[in-house]
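Undergrad: sharing a sequence plus its predicted fold:
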Amino acid sequence: MWAEAALHQTTDSDPGEQLDTINTIWVLLAAFLVFFMNAGFGMLEAGFCRYKNAANILTKNLLVFAIATLAFWVLGFALMMGDSFLDVIGGLKGLFLLNEQGFSEYKTKITIPLKAAFFFQLVFAGTAATIVSGAVAERIKLKAFLWFSFFLVALSYPITGHWVWAPNGWLKQLGFVDFAGSTVVHAVGGMAALVGAWLLGPRKYLRKEDDKMVSRYKDDGIRVAIRPHNLSMATLGCFILWLGWFGFNGGSLLKADAEQISHILLTTNIAAATAGLTAAFTTSKLKYFKNKPELSMIINGVLGGLVSITASSAYVELSAAAFIGMVAGWLVVFLVGYFNKLKIDDPVGAISVHLGCGIWGTLAVGLFSNKDRLCTDNDIKIKTFIGICGTNFNGIPFQLVAQLIGIVAVLGFTFAFSWVTWSTLKARIGIRVSDEDELKGLDRQLHGVDAYHGFEKKEKISG
């Protein structure tokens, strides 16, 4: 209906303008879906954590997108999609979107208005920052988290994004392919979350023997269980994210191509489905989960499948998407346990889902891409040096090399940036709340509110 209305706004003698209008409407609709993913992240994170920190987590999820909006508008978009300097970083002509001439290279590659492209890229940038929220939940200072989010979206995310998605980015020219952001968005957010959770340290609990606040990871290797308070809320968040991902991947085409969008949506959905089923099957076979399908792992399995298919959703066949999702579902279950053994406390499994499955999904481009589908992307066909569509080499092994180079470069830079930024914030303003605030809950201590006012609440932490 909207497309029909758009067509009537233009003349029949200008089909190009009609098509551009339809493309713009589709991309903006997709952006709205990606924006709604913020609600999904909020529900998921709050549900996975304890009731006494629910309002704090929801506050972070509201404010982080506001911070991301300003950071990306002021500086981030110019650095990411501005005319390339040495193929490494964008220029500063486009600060505040005041001068569209600073995006001359990017504008030749899109068929939608620059401001529409900015909005679509903005919701992606906000997603990268939101990923960090869950991994540092229940013990991070709000001020420290917001400052880190600003620097991530204003500097780090745009620089690595320029390498991959800007017309002259050096990784794009090398042949690295990441259709919708398994690495650019998800692995970057996961790496920033990993460094933050590592420097922040694990959550603590009140040890009854001596009334001391101590780490939930005991010296003998036992992990004190801290249970989610509302899996209904977390499941709702999962469904919202699943829905939003159709905009995440489908909109990344940046045009309303019916056949390609349909294929992308199918691969996205199939990978999520097989990942969720694999996580359910895997946990039902493990004694740790009492040989029962575990809901929180199924939720993260679905999200892991969505992250994994993000890089290749336009390039792989449906059967390959099913396999990619299956591996992701198993990988999430394994990585959650692995990070716990490393004493990296991630309350929601964000590192396993976004970093682990983001890496897997990026490699999957080199393993399973259909050559004909990959080569329909004109940018890839022209720019690739060692990729499948290159003129010098042909074949999956060379595409896999490009994928490996891209992962190492992007995640290496993100690790270094995150380490410096988190460490600086830790030294300057501190990044962790006091033991008293953590014990009593951040809702009342930091916000003066109770997310469940009027309900009787009991918290049980068992070793």
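TA: Nice, I can see it. Note that the structure is a prediction, hence the values are computed from the model and not measured.

Undergrad: contacts only, for the spatially most central residue of the chain.
TA: With the centre of the chain defined as its mean C-alpha position, the nearest residue by Cα atoms, centre = their mean is residue 186, 3.3 Å away. Listed by Cβ atoms under 8 Å, 6 or more residues apart in numbering, the contact set of residue 186 reads 128, 131, 307, 310, 353, 354, 355, 357, 358, 361. Where C-beta positions appear, they are placed from N, C-alpha and C, glycine not excepted.

Undergrad: and what of residue 133?
TA: Contacts of residue 133 (Cβ under 8 Å, 6+ apart): 41, 45, 57, 60, 61, 64, 145, 350.

Undergrad: which helix or which strand is home to it?
TA: helix 114-135 (DSSP states H and E).

Undergrad: now that helix: how far from the chain's centre is it?
TA: With Cα atoms, centre = their mean, to the nearest Å as the basis, helix 114-135 stands 9 Å off its chain's centre.

Undergrad: buried residues of it, list them for me.
TA: For helix 114-135, the neighbour count (16 or more other Cβ atoms under 10 Å) marks 114, 116-135 as buried.

Undergrad: the nearest residue to residue 252 once chain neighbours are set aside: neighbour count?
TA: Of all residues not flanking residue 252 in the chain, residue 180 sits nearest, at 3.8 Å (Cβ to Cβ, 6 or more residues apart in numbering). Neighbour count for residue 180, taken as other Cβ atoms under 10 Å: 26.

Undergrad: secondary structure class of residue 180, three-state.
TA: Per DSSP: H, G, I helix; E, B strand; the rest coil, the local secondary structure of residue 180 is coil.

Undergrad: just checking, it touches residue 313?
TA: Yes: the pair residue 180 and residue 313 passes the contact test of Cβ atoms under 8 Å, sitting 6.4 Å apart.

Undergrad: give me the low-pLDDT residue ranges for the chain?
TA: By pLDDT under 70, the low-scoring segments of the chain are 1-13, 376-397, 456-463.

Undergrad: just the helices in the stretch 301-450 of the chain please.
TA: 318-341, 350, 357-368, 371-374, 378-383, 396-428, 435-440, 442 (DSSP state H, counting those that start in this stretch).

Undergrad: for residue 162, find the nearest of these.
TA: With respect to residue 162, and counting by Cβ to Cβ, the nearest of the helices of the stretch 301-450 of the chain is helix 396-428 at 10.8 Å.

Undergrad: quick check: buried residues in that closest one?
TA: Neighbour-count burial for helix 396-428 flags 398-403, 406-407, 409-411, 413-414, 417-419, 421-422, 425-426 (criterion: 16+ other Cβ under 10 Å).

Undergrad: and for stretch 214-224?
TA: 214, 215, 216, 217, 223, 224.

Undergrad: next helix or strand past the helix or strand hosting residue 24?
TA: The secondary structure element spanning residue 24 is helix 15-48 (assigned by DSSP H and E). Beyond helix 15-48 in the direction of the C-terminus, DSSP H and E gives the next helix or strand as helix 54-71.

Undergrad: list the residues that contact both of residue 180 and residue 313?
TA: Common neighbours of residue 180 and residue 313 (criterion: Cβ under 8 Å, 6+ apart): residue 249.
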